[in-house]
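1. Next one to model:
(chains A and B)
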Amino acid sequence: MDDVRADVVVVGSGAGGGTVAQRLAPLARAGRRILVLEQGPRLLPQDFTGDETDMAPALYADSGGFLTAQGTMTLAFGQAYGGSTVVYTGTSLPAPERVIRAWSVPGLEHQDLLRRTRRYVDENNVHLLPDDEINENNRLFVRGAVETGFEPHQFPVNVRGCKGSSLCNLGCPNGAKQGTHQVQLPRAEAEGVEVVTRAEVLRLGDRELLVRVHAKPPDGKGAEPEWRPGEYRVRADAVVVAGGAVGSSALLLRSGFGAGLPALGAGFTVHPAFILVAEHPRDITNDVGHPKSFYVDRGEEEGFVLETCMYFPFVTAKNLTGFGPDHEALMRVFPRLQMILVLACDKAVPQNRITVDARGAPVVRYSFTPAVVDRMVSATRAAARIFFAAGAQRVHAPPADPPLLERGDLHALDERISARHFLPGRLSISAAHLMGGCGMGTGPTDSVTDAWGRVHGVPWLRVADSALFPDSIEINPYLTIMALADRVAEGLLEELT
Amino acid sequence: MASVFTLTPVRAAFRAVTRAAVPSANEFDEAAWLRGEALVETALSDRPARVRRQVVLFLRILAVLSWFRFGRSVGRLTSPQAQRLLAPLERSPLLALRRGVWGVRTLAFMGCYGQEELRRAIGYAAAPRGWEALGSNQGAWPDRGGDAPPESGVLTAPPEGDRHG
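-> Numbers count the residues shown, from 1 in each chain, chains lettered A, B, ... in the order given. Got it, this is the predicted structure:
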């Protein structure tokens, strides 16, 4: 085993880790050793093929199909240089003021988050796409939403030179998405921060990490790891864990921190989601153009958010309920399909939490509460109305049985789309907004860190990612993660300089 | 990396599930079957051993149920028969059975829609060149007109109390 000495180690390179890496870059420039350990590979431009079966294993943990312990929901989280910022659609919204107020974290002010958010709006080129780049999948959503009385908003997105490949979730093949892999990490590396990819942190001890660097598989994508494959003991004065809600919580749990922190792994929320698909009588532009340009936010009033989306054939097929002739008939008219993603705003409840198994691997326990089921049903009804108002002739709604609704069903949506058809294990429910597990709060009995990401009772250890959220953010989380990570880095900088 | 997974012991059941899930798979030649199964085998090779065991177990259960329900081997089921075999399990009160159907039909979809040929056949045409490959972008948005949807507050300093900041 090799020994390595560093001043600061950052675990993870996504929205949290990438932000911290850049903020600590002045230390590297001043001669301090700042290491970023990323479990995934450093993908090269030619690796982004846009083929879903080719890209998913290279970009996501368990190819994007990480199953909950109950086996009723899949979780998608990125594992690559840049983490999940490589695979999201670039949607960039600030935290709602009401949510931060409800979090009630002493020392965490919405205005402070907003100020930091604006920094990353500028830095990552967050802006609204012009009208001529909005495809029909999105335009129809706007039309249907307006006609049904909803208020659609345009998503600000962090792209630069977007060609409209629609392949955001498979990593932009044109390098247009301004995730941390394009912005914060290259800048940090230019200042002397070291990023080591394929570096899995096995355990965390007192200012010490046990790290295994994996060799690049013979037919794998990406660059070789920066360090020789093997095990390393890395000692550091400070450690910032930013491996995502699941990764960070699991690392701390398998390292034994749960003994003094009963809230470790708790407060896990995900915005459970499923895809609705509608068939129009003609082809529309759907698999070209940015896929997620508009949304309807009913979080405060009804506990759900509707977002435009467009997925790839296998993912689409998987997300449609059922199988057989009806299913295939819908797949066969792919160019006519419009899609809406339905997300429920879930709340932290005791039964939903992250644990680890005997080997230390993460185990996520998540049950759908009656409130979440009701929200998903309400959201599905709303989405179905939007589809029909936009001119769709039939709608595939997961919590309906049979799931295909015709226009004639419009008057009976409340009957056809019902909680009694919400059968976990039958419906394809997925989540990509993974939050909590190391929540901020007042003390070690009810939280894991303070408002600056400092782990209670462990002065050298901080958390800087969505694991910090004490409850659901109720909107796309990335800017909030970056703003929180910015705070964590600022606190660390003050301590180290 | 886990050990290499093979569908060989349960191939007949897997093909029956695929024919149930995607009836046009009846038209597959042997090369198409093998291409699809290679995708599934590769994907399962990367998944936890527990998941692979569950897939194999469920496919074996289907093979047994085929004898009870239709008096014939799972490999000889027609598409409608295979659908009738899976349908009650998909709505079963037992979560394990629902999960099982969901899992194997998901793998069947991977084996079909993961193939470039089938993606083209259904009209999926996403390309890295995006609008350029299409020949133009979407152009004006006349029906947005003066009724443009409101923008998010993220790009401008919002008023006090604005929901999005």
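2. Now do the contacts for A:Thr285.
-> A:135-137, B:134, B:138 (CB atoms under 8 Å, 6 or more residues apart in numbering or on different chains). To be clear about C-beta, it is placed using only N, CA and C from the backbone, and glycine gets the same treatment.
3. Closest one of those residues to A:Pro173?
-> The closest of the contacts of A:Thr285 to A:Pro173 turns out to be B:Leu134 (CB to CB; 15.3 Å).
4. Of the contacts of A:Thr285, which pair is most distant in space?
-> Spatially, the most separated pair among those is A:Asn137 and B:Leu134, at 13.4 Å (CB to CB).
5. More neighbours: these two, which one.
-> Of the pair A:Asn137 and B:Leu134, A:Asn137 is the one with more neighbours under other CB atoms under 10 Å in any protein chain shown, namely 29 against 17.
6. For the stretch 151-300 of chain A, give me the ranges with low pLDDT.
-> Along the stretch 151-300 of chain A, segments meeting pLDDT under 70 are nowhere present.
7. So which bits of it are right by chain B?
-> When proximity is defined by CB under 8 Å from any CB of the partner chain, the stretch 151-300 of chain A lies next to chain B at A:151-156, A:162-167, A:173-174, A:217, A:283, A:285, A:287-289, A:294, A:297, A:300.
8. Among those residues, which ones are in strands?
-> Using DSSP state E, the members of those that fall in strands are A:152-154, A:294, A:297.
9. Now do the same contact list for the most centrally placed residue in chain B.
-> For chain B, the residue sitting closest to the mean C-alpha position, by CA atoms, centre = their mean, is B:Phe109 at 3.3 Å. Residues near B:Phe109 by CB under 8 Å, 6+ apart: A:314, A:317-318, B:21-22.
10. counting contacts, what elements does the helix or strand containing A:Gly247 pack onto?
-> Here A:Gly247 is covered by helix A:244-254, with elements defined by DSSP states H and E. Packing partners of helix A:244-254 (3 or more CB pairs under 8 Å, 6 or more residues apart in numbering or on different chains; DSSP states H and E): strand A:2-11, strand A:199-205, strand A:230-241, strand A:353-356, strand A:362-365.
11. hmm, who's touching the fourth one?
-> Contacts to strand A:353-356, defined as CB under 8 Å, 6+ apart, come from residues A:245-246, A:249-250, A:253-254, A:265-268, A:362-365, A:437.
12. Are any of the residues you listed buried, and if so which?
-> Listed as buried from the contacts of strand A:353-356 are A:245-246, A:249-250, A:253-254, A:265-268, A:362-364, A:437; burial here means 16 or more other CB atoms under 10 Å in any protein chain shown.
13. Pop out the phi and psi values for the nearest residue to A:Leu337 once chain neighbours are set aside.
-> Distances taken as CB to CB, 6 or more residues apart in numbering or on different chains put A:Val277 closest to A:Leu337, at 5.4 Å, once the chain neighbours are dropped. Dihedral pair for A:Val277: phi -130, psi 140, per degrees, to the nearest 10.
14. For stretch A:302-312, measure first residue to last.
-> Criterion CA to CA, to the nearest Å; first-to-last residue distance in stretch A:302-312 is 29 Å.
15. and it, which residues are buried?
-> For stretch A:302-312, the neighbour count (16+ other CB under 10 Å) marks A:303-312 as buried.
16. mind exporting the lowest-mean-pLDDT helix or strand in chain B as PDB, just the C-alpha atoms?
-> Least confident helix or strand of chain B, by mean pLDDT, DSSP states H and E, is helix B:131-134 with a mean of 92. The C-alpha coordinates for helix B:131-134 follow below in PDB (Å, rounded to 0.1, in the frame of the first residue of the first chain):
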ATOM      1  CA  TRP B 131     -30.500  20.500 -35.400                       C
ATOM      2  CA  GLU B 132     -27.800  20.400 -37.900                       C
ATOM      3  CA  ALA B 133     -28.500  16.800 -38.800                       C
ATOM      4  CA  LEU B 134     -32.200  17.800 -39.200                       C
END
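17. Contacts for it, please.
-> By CB under 8 Å, 6+ apart, the surrounding residues in contact with helix B:131-134 are A:133, A:163-164, A:285, A:288-289, B:125, B:127, B:137-138.
18. buried sites along that helix?
-> For helix B:131-134, by 16+ other CB under 10 Å, it's B:131, B:134.
19. what's the burial count for the nearest residue in space to A:Ile429 that is not next to it in sequence?
-> With CB to CB, 6+ apart as the criterion, A:Ile429 has its nearest non-adjacent residue at 4.6 Å, and that residue is A:Met73. Around A:Met73 there are 24 other residues, counting by other CB under 10 Å.
20. Check what pLDDT A:Met73 gets.
-> Note on A:Met73: pLDDT of 97.
21. Next, the contact list for it, please.
-> A:67, A:270, A:272, A:366, A:424, A:429-431.
22. Quick check: phi and psi at it.
-> Torsion angles, degrees, to the nearest 10, at A:Met73: phi -160, psi 140.
23. circling back to that earlier point, select only the buried ones of the residues of the stretch 151-300 of chain A next to chain B in PyMOL?
-> This is how PyMOL selects the buried members of those, with burial counted by 16+ other CB under 10 Å:
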select buried, chain A and resi 152+153+154+155+156+162+163+164+165+166+167+173+174+285+287+288+289+294+297
